[in-house]
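**Q** A predicted structure for the sequence below; I have some questions about it.
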Amino acid sequence: MNRTDFDRLHAYMLSQMDDAAHDREHITRVLYNALDIAATEENVDTDVLIAACLLHDVGRREQFADPAVCHARVGAGKAYRFLRENGFSEDFAACVRDAVRTHRFRADDPPRTIEAKILFDADKLDAVGLMGIARTLTYKGQVGDALYEPGPDGLPSDGAGDRTNTFFNEYKIKLEKLYDRFYTPRGRELAERYRQEAEAFYKALLAQCRAPYERGRRLLEEHIHDE
């Protein structure tokens, strides 16, 4: 890919970025992860891969405005139109569109080409480990979701049965389940490196959230008296 095309794609990506958890640095990390994975695979069209990485989240603005919208599907259409309007071939634009469309977890539309599988894995690598936790916390703060909610015993819940979209709930229903869903050997290798750190952080944060409740409730009872 020549510098002019790269800069054009990069500029369009920047014009579509509003989400702090899916910002330009997320795009950069996904691109670098993808190139790392691609170096271990054969017959990868790196031009398609680079374009797909740069454009994979251009539909985030629409999803943020309406959560019912799938950013992958909207973004695929936007990426295709942008590429065709800027002189890229039909085949190239279609390959990028298909990779963008299938980069999100969806059983009915999995990635099929090697470029799409690499993009999928590269994007998921930014959702696992401590980086995934940090980005989730950023997003939760952006939309106003709580860190935790009280469980039946009054202590902060571990997230498994939460009724609201807390951070701990996001970890239990999504983040801890990502590690067995990679397509490439390199993607699986990198993901496994990050799993242990994420699990340790989750357990430590939950323990720290619960500690004031466990100590404080007992101490409060010592100071509250029936009339």
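**A** Yep, that arrived. Bear in mind the structure is a predicted one, so any value in this text is a computation, not a measurement.
**Q** By mean pLDDT, flag the weakest helix or strand of the protein.
**A** helix 60-65 (a mean of 82; mean pLDDT, DSSP states H and E).
**Q** which residues sit against that one?
**A** Here helix 60-65 makes contact (CB atoms under 8 Å, 6 or more residues apart in numbering) with Q16, M17, D18, D19, H22, V69, C70, H71, V74, G75. Any C-beta I mention is one placed from the backbone N, CA and C, and that applies to glycine too.
**Q** Check which residues of the longest helix seen in the chain are buried.
**A** Secondary structure of the chain read by DSSP state H shows that its longest helix is helix 185-223. Residues of helix 185-223 classed as buried by neighbour count (16 or more other CB atoms under 10 Å): R186, G187, L190, A191, Y194, A198, Y202, L205, L206, C209, R210.
**Q** what helices or strands is it leaning on?
**A** In terms of contacts (3 or more CB pairs under 8 Å, 6 or more residues apart in numbering; DSSP states H and E), helix 185-223 is packed against helix 24-38, helix 114-125, helix 129-143, helix 167-173.
**Q** Could I get the buried residue list for the second one?
**A** Neighbour counts using 16+ other CB under 10 Å place I114, E115, A116, K117, I118, L119, F120, D121, A122, D123, K124, L125 of helix 114-125 among the buried residues.
**Q** So the fifth one is in contact with V48, correct?
**A** No. I118 lies out of contact with V48 (CB atoms under 8 Å); the separation is 9.9 Å.
**Q** what does stretch 174-185 contact?
**A** Contact partners of stretch 174-185, identified using CB under 8 Å, 6+ apart, comprise 37, 40-41, 105, 111, 117-118, 120-121, 124, 127-128, 132-133, 136, 188, 191-192, 195, 198-199, 202.
**Q** what about stretch 114-134, distance to the chain center?
**A** 7 Å (CA atoms, centre = their mean, to the nearest Å).
**Q** now, the most widely separated pair of the buried residues of helix 185-223?
**A** Pairwise distances across these peak at 37.5 Å for R186 and R210 (criterion: CB to CB).
**Q** What's the separation between F182 and R24?
**A** Using CB to CB, to the nearest Å, F182 is found at 24 Å from R24.
**Q** more crowded one of those two?
**A** F182 (22 against 13; other CB atoms under 10 Å).
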